[in-house]
Structures are given as structure tokens and as C-alpha cells.
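Engineer: coords please:
(2 chains)
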Amino acid sequence: MSRDVELDHVTMRFGDFTAVNDVSLHIKAGEFFSFLGPSGCGKTTILRMISGFMDPTGGAIRIGGQDMRGIGPNKRPTALIFQNLALFPMMSVADNIAFGLEMRGVDKAARRKRAEELLDLIALPGSGDKRIDELSGGQKQRVAIARALAVEPQVMLLDEPLSALDLKLRQHMRAELRAIQRRTGLTFIYITHDQGEALTMSDRVAVMSRGRIEQVGPSASIYDAPETPFVATFVGENNVFRGKVTAAADGLARVETPAGVLLGRNARGMSVGSDALIFVRPERMRLDPADAGDNRVTRPVAHLDFEGSFANLVLSAPEGSPRPILVQLANDGRLGSLQPGAERTVGFAPADGLVLPAGELAKD
Amino acid sequence: MSELVKRYGLGITTAMVLVTAFWLIVMVVLPALVMVEYSFHTNVPVTKRGGPEDYYTLDNYLSLVRGTDWSTWTFPNDFRVFLRTIWGAALVTLLSLVVCYPVAWYVAKLAKPQRAAMLLLLLVIPFWVNEILRTFAWYIILAYQGPLNAALLGIGILEKPVRWLSGSGGVLIGMVYAFLLFMMFPLINAIETLDMNQVEAAEDLGAPWWQIHRRIVIPHAKPGIAVGCIMVFVLAASSYIVPSLLGSPGTRWFTETIYVWFFEGQNWPRGSAYAFILLGLCVGFIMLMMRIFRVGLADIAK
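Structural biologist: Have a look, this model is predicted:
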């Protein structure tokens, strides 16, 4: 059975430092929910509060409608998978998996049986008597998941458990985690600073910065419709132009920037005169655009990063911006014409530009 | 060896090896061999050395248990002292472990670094004082009219003073104190290396605090516990100062028996034999600990 998790104006202060600042969220039962943010944004603190290792200094955490304040980690219906997995090296694989059952007073034969079932589930049948240090990285990962599943938690908490694996294995484990979540129907709360992980696995993602939630939504909306400059620059790449709104009509806003006057979607309904940032994804930028109207910038080519099926064209930063312009180009066989130093014009359709109120950007 | 030659040159390496070999052979091995030889001789006056009454025998070793009657549970005097020494040293070891474990856990894992350093300093400073002086201090503290009785009477825990020094209590307390650090440091070192995520993982999986210690911390600290127990047992079994200062006639230690055979009985062969029996006991205890805690010499050396 799985439960929902509710964060109700949760705040966590350590002395003068506010690690988590007035976070309210409702994570639905059976949902795969991720907290995404740079290190130090408070996501791990949220996980530790949900698991019961600390209580918030303000607000409440409810699991299945029940207030969890004062209930220790060993009494909560949650199971936490640690970043370094924290398997018990002095116990066998089976004893690791059955540890939670042992603590609940389940007899030895039943523990053994349950451990074997879980070993089947994680595709490691017959490995119960192995020592932990005989397992590979991916196998340890799966044992940690089995150990957490053994206590039949209603909410699974995962603290960047894939970060120690190499790229291939990580991608494989993403699919496996998602499959286990679907099969068990449990609520998964996943912490990561890796946007790829968050976007591919999650039903919904919360992007965090400085202890606050910047935006909550499905992966596609986080990427396609960022609501703050931080989300726009933290999740995926984005070109940024800084300026002032000079006109706003029909859902579009005209922004005067040092690089020229640019037109984009006025998603937040900004009024004339306000400070604005206009964001364009590199894959929405066009070389020598036909449909861009006035949304054109001409700059010298800095370099071209060839990636195979596509290439990243880098133009030197426009006036008034520290960031170079990135353009993602499909490999059409004519990339060789883009020599460094040559002036090129790039642009974007107004529908591909996003105008947001000026604010803090994510660090590169 | 070739590594040493490469680093220090042939001359210095040879000198170092020779000095070490001299130390080991002349200062440790040879005297021990002389004692071994002694222990198999009959005890005869110097004038009869090499005569017909001076022959090799196991008698010095066997005399420890001669006269034992297991059916009535009666033991000769020396053997009774020997058994009591084993029991006493084991009790000291167990008490040290019980006293040190919570402190080591606190210092290694719970205390903030600065406080932990402070606590370690407080533990070490008293040991800058000579062992005899520290033992004398306990002699004063535990005296019938001493401060411990006065304090306990004062706060009403005792109704009449206790003779701490007339039973085994004084010896046990004195030894636990004297060898405290030999248990404390191996324990702290061992516990320090435990990944606290494992403790939290166990807690998250439903373990109460005592199960966390039983299943996670103690198994991890096993090499430290083994080293601490070996140190304290060996030091306690071969301690002379503490039992002679804090003991009473009823609580003679085996070391005192050995002393008596050597210097009061003038029976060096018997004294040597008993000394080797004590050595054997200590070696046996070390092997037992290694077996119980399933640790090898390499683990202990760490």
C-alpha cells in the first residue's frame, strides 16, 4: 500500500541558516516525485525530515494524513536509500535484505523466504549467501533497494543513489528503478542534482534553489515552460538576453536588449517598463532564420563543438551579456562552412522565446 | 629489506638491523631462554649445581596443580591464586569494556570534534602521573575513612562505611582505572571508522538503539574490542603494583606468588616455571580472543 506525503509550510533552520524555507507540497500516493536542485539547495534536508532523522523547525509533515512530528525514523512508514547505500558489510546479502524483518521479530525461516523472493525481484537469485564486497556496483544498488522494500514501506525515499555508478549503469538503473516503482505502486521520492535523472524517471519534479521551491510540475512543463529564470537556466541550456519590456500585447512581449529588440511569449503577463529576461533554447535557435522577424542577432563564431548527429555552434557573447550564444544545429553535412571569426546571423521565432521577470540565474 | 637499503644505503641499514637484532637477542630472547632452562631444573644450592641432585624435571610446572582434588573442589594455595588471577583479570577486562564502550561511542561519534578532543585530553592527562602514584591515590580514595566513603555516607547512599580494600573490590577498581586507556583507544579507533549512514540505515529499517549496537556498531568494532580485551587482560594478569597496593592478604595475585618464589622462597626454578605458566595463560587468552572475535593478527595490527 502506498501513502501520500504532504509538506505543509515546512521550514528548517540551523541557527541563522535557513535550509528549507516555507515549502508546501502534496506528493500523491503512488507518484514518482523528484526534488531537483544544486547541492546545498535543501533537498537532502527535506528528505531527512520526511524520513524522520530531523523534525522541521516550522510547519508539518503528514504521511497518509498523519502528522509525523516526534515519530522517529524507525517508526515511520518510510524507507530511505542512502547515497552511499550504507549496506552492512559484516552481514551476508540475505541478512542485509532481511535486516528490517529481523528488527520486527520475524522468524528466521520467514526472513530467509522473503529475502529470496526479493532477490528474485531484483534479478539476483541465489546470491543470498554472498558477502557485500563480492557484489558489483549495480548489484549493491539493487540489494539496497531490496533491503528497503523488505520492510514494506509506503513511501520510498532515495538520496541520489545512482550518483556513484558509471554512465551506462546509471541509465540502466534509471529504467530499473522506474520499473520497480510501477510494479510496487509505492510512492517514490527521489533527490538528485542530475536533471537527466529527474526528467526521465519522474511523474513530477520540484526544482529547488536556496531552500525554496522554484517550480513543481511534470518533466515536460519544467523544461518547456520554466516559470523562473533559475529553472530556465538550471534545467537544460538556455540563451539569455537581458532588457526592458517596451510593449506587451496578444500574449507576446517586446524586450529591448543591448543586442537588439527581441519578441517572445509573455508567459507571466509582464507589463511595459519592467526588467525582463528573454530565454531561448539552443535547439530552438535557427541559423539564417526565415520566420524570425526582428529576432535576429549577428555575432562572430567563437567555435563549433561537433557531437556527431548534431553540433553546438557558439557565437561570442552579445553586448551586455556575459554568456555566449548557443545554437544547436542538426548535422546536415554543411557544418564545415562555420569557421571561427566569421559573422553569422541567428534568430528564433517569437513563440520560441520566453519572457520572464528578471531574477537569479543558476550558476553555470 | 631491499627497500630499506635503497632508502638508507647499505651501511645504515646493516647498522639498524644489527642494533635491532642485538636488542631482541641479548635483551629479550637470551634472558627468556635462561629462564626456560632454569624452570626445568631442580632447586639446589649453588654448591650442588651440576651434581647428581641437579637434573631436568617437569616438577616445577606440575607442582602448581599438585594436590588438586576436583571431586571436593579443593586446590593447593598457588593454584587457587592462579585461578583467581584468571577470574580477576577476566573480570577487569569485562568491566573495562563495559565502562569504556559508552565513552568510546560518545567520543568517536556523538561528540562534536572540539569536545571530543577535549575529552581525550582529559582522559590522557591523569596518565601522565606515575602508575604507582595513581594507585596510591586510589588507596587513599578507597580507604575506610577515605573520601569515597565520606561522600557516599554524605549523600545517604551508604548507612555505614564499606571496607573497599579488604575484598577484591579495590584491586578490580584500581586495575580498571590503571588500564582504562588500553581499552579506550582501540575502541575509539575502531568505532571512529564506522560509516554513520549504516547506523542511520539500521535505524530507518526499524532498529532500536540497542539493536543498532548489537548488530552494527559492535560487529564493526570487533577488532578494537579484541585488541582492548587482549591488552587489558594481559596487563591485569601480569600486574604487580595494583594488587600489592590495593589488595588484601585474601586477594593475592599470581604475580605476587611468583615474586614470593623468587625472592622469599629463593626458588628460582619454581618462580621461572610459574612465570612461564602466566605467559602461557596470556598467549592462550590472546588466541582465544582472536578465535572468539574471528580476527587475524593483521586486523589487530591495524
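Engineer: B:Asn43 against B:Ser272, yeah?
Structural biologist: No: at 10.3 Å, B:Asn43 does not count as touching B:Ser272 under the criterion of C-beta atoms under 8 Å. Any C-beta I mention is one placed from the backbone N, CA and C, and that applies to glycine too.
Engineer: residues shared between the contacts of these two?
Structural biologist: The contact sets of B:Asn43 and B:Ser272 overlap at B:Asn60 (C-beta atoms under 8 Å, 6 or more residues apart in numbering or on different chains).
Engineer: which of the two has more neighbours?
Structural biologist: Shown here are B:Asn43 and B:Ser272; by other C-beta atoms under 10 Å in any protein chain shown, B:Ser272 has more neighbours (24 against 18).
Engineer: contacts for the stretch of helix or strand that one belongs to, please.
Structural biologist: Here B:Ser272 sits within helix B:268-292, counting by DSSP states H and E. For helix B:268-292, contacts defined as C-beta under 8 Å, 6+ apart pick out B:35-36, B:38-43, B:60-61, B:63-64, B:78, B:82, B:85-86, B:226, B:229-230, B:233-234, B:237-238, B:254-255, B:257-259, B:261-262, B:265, B:295-297, B:300.
Engineer: repeat that with 7 Å
Structural biologist: Residues from elsewhere that reach helix B:268-292 (C-beta atoms under 7 Å, 6 or more residues apart in numbering or on different chains): B:35-36, B:38-39, B:41-43, B:60-61, B:63-64, B:86, B:226, B:229-230, B:233-234, B:237-238, B:254, B:257-258, B:261-262, B:296.
Engineer: ok, of these, which come out buried?
Structural biologist: B:35, B:38-39, B:41, B:43, B:60-61, B:63-64, B:86, B:226, B:229-230, B:233-234, B:237-238, B:254, B:257-258, B:261-262 (16 or more other C-beta atoms under 10 Å in any protein chain shown).
Engineer: tell me how far A:Asp95 lies from A:Arg114.
Structural biologist: From A:Asp95 across to A:Arg114, the span is 12 Å (C-beta to C-beta, to the nearest Å).
Engineer: low-confidence ranges in chain A?
Structural biologist: Applying pLDDT under 70 to chain A flags the ranges A:1, A:364.
Engineer: re the thing from before, which of the residues in the helix holding B:Ser272 are buried?
Structural biologist: For helix B:268-292, by 16+ other C-beta under 10 Å, it's B:268-278, B:281-282, B:285-286, B:289-290.
Engineer: same deal with stretch A:39-51?
Structural biologist: A:41-51.
Engineer: tell me the one of these nearest A:Phe14?
Structural biologist: A:Thr45 (8.6 Å; C-beta to C-beta).
Engineer: check which helix or strand covers that closest one.
Structural biologist: Using DSSP H and E, A:Thr45 falls in helix A:43-51.
Engineer: gap between that helix and the chain center?
Structural biologist: How far helix A:43-51 lies from its chain's middle: 15 Å, per C-alpha atoms, centre = their mean, to the nearest Å.
Engineer: the closest residue to chain A within the stretch 51-200 of chain B: neighbour count?
Structural biologist: Closest residue of the stretch 51-200 of chain B to chain A, C-beta to the nearest C-beta: B:Asn197 (3.7 Å). By other C-beta under 10 Å, the residues close to B:Asn197 number 17.
Engineer: by contact count, what packs against the biggest helix by length in chain B?
Structural biologist: Using DSSP state H to define each element, chain B has its longest helix at helix B:77-105. For helix B:77-105, the packing partners by 3 or more C-beta pairs under 7 Å, 6 or more residues apart in numbering or on different chains; DSSP states H and E come out as helix B:169-178, helix B:180-192, helix B:218-237, helix B:254-259.
Engineer: which residue is the nearest non-sequential neighbour of B:Ala207?
Structural biologist: Nearest non-adjacent residue to B:Ala207, counting by C-beta to C-beta, 6 or more residues apart in numbering or on different chains: A:Met103, 4.7 Å away.
Engineer: contacting residues around the one you found?
Structural biologist: Applying C-beta under 7 Å, 6+ apart, the residues near A:Met103 are B:205-207, B:211.
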